[in-house]
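Trainee: fold the stuff below for me.
(one chain, ligands or ions: 1)
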Amino acid sequence: MKRFLIPLAACVLMAGCARTEPALKDVFAGTFILGTAINDAQIAGEDIKGDSVLIRHFAAIEPENCLKSGEVMPVFGQYDWILADKYVEFGEKYNLDVYGHTLIWHSQCTPDFCYDENGNLISPELLKERMKQHISTMVGRYKGHIKGWDVVNEAIMEDGSYRDSPFYRILGEEFIPWAFQCAYEADPNCELYYNDYSMHEPAKLDAVIAMAKKLKERGIRIDAIGFQGHMGMDYPDIDLYERHIRRVKEETGLDVCITELDMSILPTLTRSADLGAKPLSEADLNPYADGIPESVAKQWNDRMSAMLKMFIRNSDVVKRVNVWGVCDADNWKNNWPIPGRHDSPVWFDRNYKLKPFLREYIYGR
Ligand code: GLA
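Mentor: Take a look at the predicted model:
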C-alpha cells in the first residue's frame, strides 16, 4: 500500500502548527483524483473556512446543485448563469479539475422541461429537440473548461428496470443514447459519465452494464460509470462493491468514479410494511443529537478505512473519488429524511478536523 511518507524533521516542525496534515490531494495523487462537492455558499465565497480547506485538500470539484437543470434553468430556455459561471471560475482560479453534474435528471429538473403549457407530456420529437438545446447550451458554454459531465443521472432502478421518469415515458430507453450523443457533439473532448446510486444491487448493475454496452456498440462516447457513494454502516458490502467495480471494467472497458461519497453514521432506517408498526420518533431519526459515541465513531472510521483501501487497490479502475461535501456540516444527510439530524458522513468533521482513519492512513498509526 502506498503511503505518504513525511520526513521526521518535517513532522516535528508541523507538530507545533495548526496545519499538521499534508494536502489530501497530494496523498492520493497518482492513485485517484480526489474531489469534493462544492455548495452554493462555498462557490459564492461566503464560507471562507470551507473554501480554504477545499482549496488546500481537494484536486477537483463537482457542484452540489448549481448545474442541475432546475437550478440553472428555472423555466425551459431561460438560464440564470450567475452561480454556474462562478462555479467554473472558482475551479479555474484555484487550479482544480472542474466537473459537471448533471445534464439529464428527473429530479431537480426544470418543471416544464418535459411538459407543454397544459401540463401534458410533450412529443418525442420536441423532447429530443429540447434535450439537444439544453445539453448543447450547457456543455457548449463550458467547453474546454468542464473536464467531464454526468450526462444522465439515476435512470435505472434497483430491480434493473428503467425509471418511469418523464424522459423515459416520452422517449423510452432512447433518451440515454440521445443525451450522450448531444453531449459529445457539443464538446467531443469532454469525458461523459452515467451516474447512479445503489450500484451494489446486482440487477441494477446488470442493467447499467447492458446500457453502457449498447452505447459503445453504437459508437456513442461514454467514459465512466459514476457510483454515487451514498452508503450506510450496513451497506454496501465492501467485497460486493469491489466485485461490481471490477465487473464494470471487465464487461465494458469503462472506468468507475466514486462520485458522491458519504457514509451515514446514523442507523439505516427501514420502514416496516406493518401498518401497526410504531412510527419513527425524533430520537430514532436523530440518535446522536448530543454527540456521537466513541465506539460508533470507531466503527465508522474502520469501515471508511476499509472502503478507502478497497478504492486504492482498484485504482486501475477507480479514477476519481469525490467526497460529497467538504465537512460533515455540509452534507445533505443532516437534513434527510428530516431536517436537523446530526450525521457524520464525510472526511472532515464539523471543525474541519481530518477523520482518524485518514490520519492513520497518512501517518501509518
Ligand atoms: C443524488 C444527486 C445529488 C444529490 C443527492 C442528494 O445523489 O445526484 O446531486 O442531490 O442525490 O443530495
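Trainee: single out the residue in the protein that lies closest to the ligand.
Mentor: In the chain, no residue comes nearer to the ligand than W332, which is 3.6 Å away by CB to the nearest ligand atom. Placement of C-beta: from N, CA and C, glycine included.
Trainee: verify the contact between that residue and D343 for me.
Mentor: No: contact criterion CB atoms under 8 Å: W332 and D343 do not qualify, at 9.2 Å.
Trainee: who's more crowded, these two?
Mentor: D343 (21 against 17; other CB atoms under 10 Å).
Trainee: residues in contact with the nearest residue to that one once chain neighbours are set aside?
Mentor: Using CB to CB, 6 or more residues apart in numbering and skipping the chain neighbours, the partner closest in space to D343 is K333 (4.5 Å). Listed by CB atoms under 8 Å, 6 or more residues apart in numbering, the contact set of K333 reads 262, 264, 266, 341, 343, 345.
Trainee: contact partners of stretch 143-152?
Mentor: Under CB under 8 Å, 6+ apart, the answer for stretch 143-152 is 60, 62, 88, 91-92, 97-105, 135, 138-139, 175-176, 179-180, 183, 186-187, 189-195, 222-224, 226, 259.
Trainee: S198: what secondary structure?
Mentor: With DSSP: H, G, I helix; E, B strand; the rest coil as the basis, the three-state label of S198 is coil.
Trainee: excluding sequence neighbours, find me the nearest residue to it.
Mentor: Per CB to CB, 6+ apart, closest to S198 is E158, 5.4 Å.
Trainee: up against the ligand, what does the stretch 251-365 of the chain have?
Mentor: 260, 332 (CB under 6 Å from any ligand atom).
Trainee: go on, the stretch 51-200 of the chain?
Mentor: Neighbours of the ligand within the stretch 51-200 of the chain, by CB under 6 Å from any ligand atom: 153, 197.
Trainee: any weak-confidence spans in the stretch 1-150 of the chain?
Mentor: 1-20 (pLDDT under 70).
Trainee: would you map the helices across it?
Mentor: Taking DSSP state H, counting those that start in this stretch as the criterion, the stretch 1-150 of the chain contains helices spanning 8-15, 24-27, 40-43, 48-57, 69-72, 82-93, 124-141.
Trainee: I'd like those helices as JSON lines, with distance to K355 appended.
Mentor: Shown next, in JSON lines, are those (distance: least, CB to CB, whole Å):
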{"stretch": "helix 8-15", "distance to K355": "18"}
{"stretch": "helix 24-27", "distance to K355": "11"}
{"stretch": "helix 40-43", "distance to K355": "20"}
{"stretch": "helix 48-57", "distance to K355": "12"}
{"stretch": "helix 69-72", "distance to K355": "30"}
{"stretch": "helix 82-93", "distance to K355": "25"}
{"stretch": "helix 124-141", "distance to K355": "35"}
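Trainee: residues in contact with the residue nearest to S198?
Mentor: 198, 201, 203-204.
Trainee: also D328?
Mentor: D328 touches 334, 343-346, 348-350, counting by CB under 8 Å, 6+ apart.
Trainee: before we move on, back to that, distance to I245 and mean neighbour count added to the helices of the stretch 1-150 of the chain, as JSON lines?
Mentor: Output for those, formatted as JSON lines (distance: least, CB to CB, whole Å; neighbours: other CB atoms under 10 Å):
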{"stretch": "helix 8-15", "distance to I245": "34", "mean neighbour count": "10"}
{"stretch": "helix 24-27", "distance to I245": "21", "mean neighbour count": "18"}
{"stretch": "helix 40-43", "distance to I245": "29", "mean neighbour count": "20"}
{"stretch": "helix 48-57", "distance to I245": "24", "mean neighbour count": "17"}
{"stretch": "helix 69-72", "distance to I245": "29", "mean neighbour count": "20"}
{"stretch": "helix 82-93", "distance to I245": "26", "mean neighbour count": "18"}
{"stretch": "helix 124-141", "distance to I245": "27", "mean neighbour count": "17"}
